[in-house]
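*Asks:* got a predicted model here, sequence first, then my questions.
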Amino acid sequence: MTTGGVRTGSGSSVETPVSDLDNNIVRSIKDTLSIVDVVSDYISLQRRGRTYVGLCPFHDDHRPSLDVDPDRARYRCWACGAVGDVFSWVMAMENVSFPEALQRLAERAGIDLPRRHVDPKRVELDRLRSAVRWALDQFVAALWQPSLGRRAREYLESRGFRGETLRRFSIGYAPPRWDWLVERAVTAGIELPLLARVGLVRERRDGGFYDWFRDRVIFPIFDLQGRPIAFGGRVLPDSADQAAKYINSPETPLFSKRATLYSLHIARRHPMRDAQTGARRLVIVEGYTDCLALHQAGIACAVATLGTALSEQHVGVLRRYVDGAVLVFDADEAGARAADRALDLFLRTGFDARICVLPAGADPADYIAEHGAEGFLDCVGAATEPLLFRLNRARKIFPVHTVTGQQQALDYVLQPLVERRRSTGDVAALSPDESLLIDRIVQELRVSYQTVVGRFQRLARSRRSRSVAEQSGPGSEQDVSNHLEKELLAVLLVWPEAVEFVRDAFTPEIVDTPWIREAVQEALTLAERGIAPTVENLALKLGATSEWLERLHGLAEFGHELLTRQSREAWIRDLVQRMEERRLDREAERVRRALQEKAGDAEGQRALLRRLHELRRARQKLTG
């Protein structure tokens, strides 16, 4: 198994076994950093007694459910069950591995880390990032070459962009040749298949490669750590290549356009603050140039989509950093449809969004140029709440003066709420905000409360029957984690001495759930090498993801509760015995089924009967 990697300051590494890692480093980081300070970088916290509370970013939280305890250096959500420390928080919020979170927090705490082996997957990702970084340098240099980049600079100047803005966002230019980047890569010793993997070149049918971006202004796309991962290209107006106005890099191991927003690495640190509630919001626009224009005007909370509709992945990313967003759309029909799709998503997910519709014919860049930053922010401040926008649109597209049109409008407005609820639709089970929304529908559509609630119930029941069928159908995923297995791992995480009672009796076959089996095996391996199988040490050994780390922290909490039992030693022995009994019983059942299938095969049946006898004897030996 690969050792978890921690990058050193110089970028080099040496292979070192886990046991050489100073086990005090993780504790030192926790002791040095305040979890309140770390969490406050992402969400607003308010003191409540000896702890702090805030809206949980891991679920649709409308009341502060996240509790941050500085004394225990731990956060916990009492609604969705998310639990962890500064490491799991950074992993979840930044979507990084445990070693990467370890390095970031060590740097923040001013603690030096020993050099460690780098995971091969991380090495490959670093190679891809290096290729993207190299290409970005080429594009930027091309833009500022006097002759080569002249047309691109003139276009950008005509759009009102200043040189400092272009340099700040590393705007570049891809010349019109089909092999400009290919030739530079060959000269620089860059592997062309590597560039193909990040979407910079394409393979020809007859062999060789050609440039993907040609005669285009290049907008580099950065990840949340400010590293270039992809590109967008805007064709120059007088270009001979008019295939598409905008093109983006394809999906790569570094880049997913459905989970990435342009300039979020900057905007997440500069959200707008609601003057009344203090809520943090971003402004979402539809294009690179609109986003650049806002930043140039000092509106650093702007982000842009990447030629795709907003997705639930986008919402998940946004929730990590802000409480809501304002979507800015043009006033034409295309803008209205785009706003409608986004509102369907936001109403369904419960994300706090507003809609700002600009005057007809104006895009954000034009509006900023004419009205300035203050005028644009006034427009954003008057943004419409989602339900009211949807109600207004319903009145435009359905004949609400008729019974049929009123029914259509009602279904149109209610459907996202039903999708969000995914429950029985019982009025008594409505949350307070859902009740308020229904009251608003009653007022705006001038229908009775009973009519709206009755329709809501019928739609919700219909949705629930579909959901149950989907979840119980063939191939549906179910949580197969076994309670006994969780108990075993939970106790190992918080009571290292339990290893002595588990080691001799444990076999991998008694654990069904793959991730628990792997964790228990690694816990035993660490213990044999004199290393306590704590959450942090297991995370290092396994190169844990944020999901892994959250599971381990949750089980550690469970383990502390289990250890309130009397006679720990007898209990852990009994637990392992019950798991082995379960394994024997399951194998015996499989043998019995095989016996039925072996009818007419005397020799095969005799072998199976011998195995069944062995299993019965083993079972009797366990139970005495």
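*Replies:* Great, that's in hand.

*Asks:* run through the helices of the stretch 351-500 of the chain in chain order.
*Replies:* 364-381, 386-397, 403-421, 432-445, 449-472, 483-494, 499-502 (DSSP state H, counting those that start in this stretch).

*Asks:* which of these sits most buried?
*Replies:* Most buried of these by mean neighbour count (mean count of other Cβ atoms under 10 Å) is helix 483-494; its value is a mean of 22. Using the backbone N, CA and C atoms, a C-beta is placed for each residue, glycine as well.

*Asks:* quick one: residues in contact with it.
*Replies:* 498-499, 502, 511-513, 516-517, 519-520, 523-524, 533-535, 538, 552, 555-556, 558-560, 562-563, 572, 575-576, 578-579, 582 (Cβ atoms under 8 Å, 6 or more residues apart in numbering).

*Asks:* now with 6 Å?
*Replies:* Contacts to helix 483-494, defined as Cβ atoms under 6 Å, 6 or more residues apart in numbering, come from residues 498, 511, 513, 516, 519-520, 523, 533, 535, 555-556, 558-560, 562, 575, 579.

*Asks:* which SSE is residue 614 in?
*Replies:* Applying DSSP states H and E as the criterion places residue 614 in helix 602-623.

*Asks:* show me what that helix is packed up against.
*Replies:* helix 568-597 (3 or more Cβ pairs under 6 Å, 6 or more residues apart in numbering; DSSP states H and E).

*Asks:* tell me the buried residues in the helix it packs on?
*Replies:* By neighbour count with 16 or more other Cβ atoms under 10 Å, helix 568-597 contains the buried residues 568, 571-572, 575-576, 579-580, 583-584, 587-588, 591, 595.

*Asks:* where does pLDDT dip in the stretch 1-150 of the chain?
*Replies:* Residue ranges of the stretch 1-150 of the chain with pLDDT under 70: 1-23, 115-120, 122.

*Asks:* run the last query once more with 80
*Replies:* 1-24, 41, 43-44, 59-63, 94-96, 103, 107, 112-123 (pLDDT under 80).

*Asks:* sorry, back to before: just the buried ones from the contacts of helix 483-494, in ChimeraX syntax?
*Replies:* Only the buried entries of the contacts of helix 483-494 go into this ChimeraX selection, using 16+ other Cβ under 10 Å:
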select :498,511,513,516,519,520,523,533,535,555,556,558,559,562,575,579
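
*Asks:* just send the helices of the stretch 351-500 of the chain back as CSV, with mean pLDDT and distance to residue 175 too.
*Replies:* Below are the helices of the stretch 351-500 of the chain laid out as CSV (pLDDT from 0 to 100; distance: least, Cβ to Cβ, whole Å):
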stretch, mean pLDDT, distance to residue 175
helix 364-381, 89, 25
helix 386-397, 79, 44
helix 403-421, 76, 46
helix 432-445, 75, 53
helix 449-472, 61, 51
helix 483-494, 80, 57
helix 499-502, 74, 63
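
*Asks:* between those, which gets nearest to residue 52?
*Replies:* Closest of the helices of the stretch 351-500 of the chain to residue 52 is helix 432-445, at 23.8 Å (criterion: Cβ to Cβ).

*Asks:* touching the closest one from outside, list them.
*Replies:* Taking Cβ under 6 Å, 6+ apart as the rule, helix 432-445 contacts 387, 391, 413, 449, 452.

*Asks:* is it true that residue 84 touches residue 553?
*Replies:* Yes: using Cβ atoms under 6 Å, residue 84 is in contact with residue 553, at 4.3 Å.

*Asks:* report the residue ranges of every domain in the chain.
*Replies:* When the chain is parsed with automatic domain parsing, its domains come out as 18-109, 120-255, 270-384, 404-469, 483-623.

*Asks:* distance to residue 264 for the ones you listed - can I get that in a markdown table?
*Replies:* Below are the domains of the chain laid out as a markdown table (distance: least, Cβ to Cβ, whole Å):
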| stretch | distance to residue 264 |
| --- | --- |
| domain 18-109 | 12 |
| domain 120-255 | 7 |
| domain 270-384 | 5 |
| domain 404-469 | 24 |
| domain 483-623 | 18 |
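
*Asks:* which one of the ones you listed lies closest to residue 263?
*Replies:* For the domains of the chain, proximity to residue 263 was assessed by Cβ to Cβ; domain 270-384 is nearest, at 5.3 Å.

*Asks:* count of neighbours near residue 55?
*Replies:* By the criterion of other Cβ atoms under 10 Å, residue 55 has 20 neighbours.
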